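Visitor: sequence first, predicted coordinates after that:
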Amino acid sequence: MTAFRPRIDRERCIGAGMCALTAPDVFDQDPDDGRVVLLDAEPSAAHRTATRLAAGACPSGAITLDGPEGNKDS
Amino acid sequence: MGESLHTVTMLPTTRRPGCPFDPPEELLEARRHGPISRLIHPGGMPGWLITGYDLVRSVLADSRFSARKELLNVVDYQLPPAPPGEFLLMDEPQHGRYRKPLVGRFTVRRMRLLTERVERVTAECLDAMEEAGPPADLVTAFAKPIPAVIICELLGVPYADRGSFQEQIDTFMGGESNEEELIAAYTATQDYLAELVAAKRAHPTDDVLSELTDSDLTDEELKGVALVLLAGGIDTTANMLSLGTFALLQNPSQLAALRADPALADRTVEELLRYLSVAKSFMRTALEDVEVGGQIIEAGTTVVLSYHTANHDPGRFADPHVLDVRRQSVGHLAFGHGIHQCLGQQLARVELRVALPALFRRFPTLRLAVPAEEVDLRPETADIYGVRSLPVAWDRERS
């Protein structure tokens, strides 16, 4: 079974901060350029709902999810 | 689907009496026919109106649609390109050139560092209200000064200059000024910003504008950026604060829920953003023929995206016309979507999150001082919806 893994694309990221707001245990923003930083490569079950919300809320499509319950496309 | 396609003539729209927070009836009617409708723009040219959540979101994320001002095909004369620095109405790579150096200054973390400062400014406004006693106009006593003080401090605009600046911004955003007044306000703002940028270059201080003088942006460009940030930071949040207070006062059970459980503040803010959607709509122009919701939007045609109606789409938010502070509203389009999503949204959240609960804590008996029907609302022509004034009262002895 594959793990639940968020993937980030810093080139697509526009630094809106929706991920850091919605799933602060999983995502942060780089203090210099404001772009996404992945804090937790394999979020535990407790953080999955927030991670999915964050991926859905990302305005630039910079977060995709692999693994069970993730969106399979990348 | 083609035969039943609903056609809307853009202006005027009106909100139903007694429903100042719902989208105008014409837009709700359009959405009942489907998420995309034909539209006649003010200049008579054909266009499209998108009112469904999914379609608004997909257009905003689609680089085949342009935000460029000069491409807007809505009036019968050629619009000029956006002035230097006004990156809302630009595409990549120009947009990114302006936005990128700003992004690091508006992160969740940096904006949260302003919490204490917002608390103090809010407390000062509330002290002044309390001292003067009821009634008060919440717009001038509370909603306008808080975001204005904060964005001016962030940018490094001297406090003494704030008054005249705010009047000019009101003229731009209020939707009630004639051409002459708009030009006068714009010119005065440009002159002021030119002086300000020159001053920051000569004597940099610890603020965003001074930092930007270190980038490759010219003075002309910096003026435009400063205007975008000031206008965006002052008028939008001010209207969220005043209209948000009005909405909570009109929904006493929701206000009671927030008072009983302060942990609901974050959700309340998101829900008010969704429910009120004060930045009501934006436009995009197709760069090529694009299929949207089963319709072909031809190259060069401008679509109007109603954020407000999309945020009241029952397909996305159950009982959308109900204010529900417990709702999970994440994903709303109040700040837009795609590469242009609001740069200052995390600042707005901190301001709303701090100021609204503080207001209701300070004045537990806060109420409208006029009947709700008499509250003076901005006209539908305003870019940003809101109230012109909000007379409120409270019981002195209990506050």
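Guide: Perfect, thanks for sending it.

Visitor: for the stretch 1-150 of chain B, give me the ranges with low pLDDT.
Guide: In the predicted model, the stretch 1-150 of chain B carries pLDDT under 70 at residues B:1-5, B:9-12.

Visitor: tell me where it has strands.
Guide: B:7-9, B:36-40, B:46-50, B:65-66, B:136-137 (DSSP state E, counting those that start in this stretch).

Visitor: point out the most buried one among these.
Guide: strand B:46-50 (a mean of 24; mean count of other Cβ atoms under 10 Å in any protein chain shown). Placement of C-beta: from N, CA and C, glycine included.

Visitor: what's in contact with that strand?
Guide: B:8, B:10, B:27, B:30, B:35-41, B:56, B:59, B:73-74, B:292-293, B:295, B:297, B:301-306, B:310 (Cβ atoms under 8 Å, 6 or more residues apart in numbering or on different chains).

Visitor: in its sheet, what does it sit against?
Guide: Strand B:46-50 has the following strand partners under DSSP bridges: strand B:36-40 (antiparallel), strand B:302-306 (parallel).

Visitor: in PDB, list the C-alpha atoms belonging to the first one.
Guide: Taking only C-alpha atoms (Å, rounded to 0.1, in the frame of the first residue of the first chain), the coordinates of strand B:36-40 have been written out as PDB:
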ATOM      1  CA  ILE B  36     -23.200  30.100 -17.700                       C
ATOM      2  CA  SER B  37     -25.400  32.600 -19.500                       C
ATOM      3  CA  ARG B  38     -25.100  34.900 -22.400                       C
ATOM      4  CA  LEU B  39     -24.500  38.500 -21.500                       C
ATOM      5  CA  ILE B  40     -24.700  41.800 -23.300                       C
END
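
Visitor: chain center to it: distance?
Guide: 24 Å (Cα atoms, centre = their mean, to the nearest Å).

Visitor: and for stretch B:197-215?
Guide: 26 Å.

Visitor: ok, that stretch near chain A or not?
Guide: No - Stretch B:197-215 lies out of reach of chain A by Cβ under 8 Å from any Cβ of the partner chain, never closer than 11.8 Å.

Visitor: same deal with stretch B:106-114?
Guide: Yes - applying Cβ under 8 Å from any Cβ, one finds stretch B:106-114 in contact with chain A at B:F106, B:T107, B:V108, B:R109, B:R110.

Visitor: look up how far B:P17 lies from the first one.
Guide: Read it as B:F106. Between B:F106 and B:P17 the distance is 39 Å, computed by Cβ to Cβ, to the nearest Å.

Visitor: those two: which is more packed in?
Guide: B:F106 (24 against 7; other Cβ atoms under 10 Å in any protein chain shown).

Visitor: once you drop chain neighbours, what's closest to that one?
Guide: In this structure, B:F106 finds its nearest non-sequential neighbour in B:L343, 5.4 Å apart by Cβ to Cβ, 6 or more residues apart in numbering or on different chains.

Visitor: am I right that the one you found is in a strand?
Guide: No - assessed with DSSP: H, G, I helix; E, B strand; the rest coil, B:L343 is coil; it does not lie in a strand.

Visitor: count of neighbours near it?
Guide: Per other Cβ under 10 Å, the neighbour tally for B:L343 reads 25.

Visitor: could you do B:H6 as well?
Guide: Around B:H6 there are 16 residues (other Cβ under 10 Å).

Visitor: test my guess that it contacts B:L28.
Guide: No - judged on Cβ atoms under 8 Å, B:H6 makes no contact with B:L28 at a distance of 11.5 Å.

Visitor: re earlier: identify the residues contacting the residue nearest to B:F106.
Guide: So B:L343 contacts A:A16, B:R99, B:L102, B:V103, B:F106, B:L229, B:G232 (Cβ under 8 Å, 6+ apart).

Visitor: contact residues of chain A facing chain B?
Guide: Taking Cβ under 8 Å from any Cβ, the part of chain A that reaches chain B is made up of A:14-18, A:20-22, A:24, A:28-35, A:53, A:56-57, A:59-61.

Visitor: chain A contacts on the stretch 51-200 of chain B?
Guide: B:L60, B:A61, B:R99, B:K100, B:V103, B:G104, B:R105, B:F106, B:T107, B:V108, B:R109, B:R110.

Visitor: change it to 6 Å
Guide: Counting by Cβ under 6 Å from any Cβ of the partner chain, the stretch 51-200 of chain B comes close to chain A at B:V103, B:G104, B:T107, B:V108.

Visitor: you'd agree the first one is up against A:G34?
Guide: The reference is to B:V103. Yes - with contact defined as Cβ atoms under 6 Å, B:V103 reaches A:G34; the gap is 3.4 Å.

Visitor: do a quick rundown of the helices in chain A.
Guide: A:18-22, A:48-57 (DSSP state H).

Visitor: could you identify which of these is most buried?
Guide: Using mean count of other Cβ under 10 Å, helix A:18-22 ranks as the most buried of these, with a mean of 25.

Visitor: can you list contacts of stretch B:309-321?
Guide: Stretch B:309-321 has contacts (Cβ atoms under 6 Å, 6 or more residues apart in numbering or on different chains) with B:D22, B:P23, B:L27, B:R31, B:T51, B:G52, B:Y53, B:V56, B:R274, B:S277, B:H332, B:L333.

Visitor: average pLDDT for it?
Guide: For stretch B:309-321, mean pLDDT rounds to 97.

Visitor: helices or strands up against the lowest-mean-pLDDT helix or strand in chain A?
Guide: Within chain A, no helix or strand scores below strand A:63-66, which has a mean of 92 by mean pLDDT, DSSP states H and E. On a contact count with 3 or more Cβ pairs under 6 Å, 6 or more residues apart in numbering or on different chains; DSSP states H and E, strand A:63-66 meets strand A:5-8.

Visitor: what's the strand it packs on in contact with?
Guide: A:V36, A:L38, A:E42, A:T51, A:A62, A:I63, A:T64, A:L65, A:D66, A:G67.

Visitor: B:Y275 in helix, strand or coil?
Guide: Applying three-state DSSP: B:Y275 is helix.

Visitor: identify the residues contacting it.
Guide: For B:Y275, the contacting residues are B:L323, by Cβ under 6 Å, 6+ apart.

Visitor: where do the helices sit along the stretch 101-250 of chain B?
Guide: B:108-112, B:115-132, B:138, B:145-155, B:162-173, B:179-202, B:208-212, B:219-250 (DSSP state H, counting those that start in this stretch).

Visitor: got a markdown table for those helices, with mean neighbour count too?
Guide: Putting the helices of the stretch 101-250 of chain B into a markdown table (neighbours: other Cβ atoms under 10 Å in any protein chain shown) gives the following:
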| stretch | mean neighbour count |
| --- | --- |
| helix B:108-112 | 19 |
| helix B:115-132 | 16 |
| helix B:138 | 25 |
| helix B:145-155 | 22 |
| helix B:162-173 | 18 |
| helix B:179-202 | 15 |
| helix B:208-212 | 20 |
| helix B:219-250 | 23 |
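
Visitor: confidence-wise, which of those helices is weakest overall?
Guide: If you rank those by mean pLDDT, helix B:162-173 sits at the bottom with a mean of 76.
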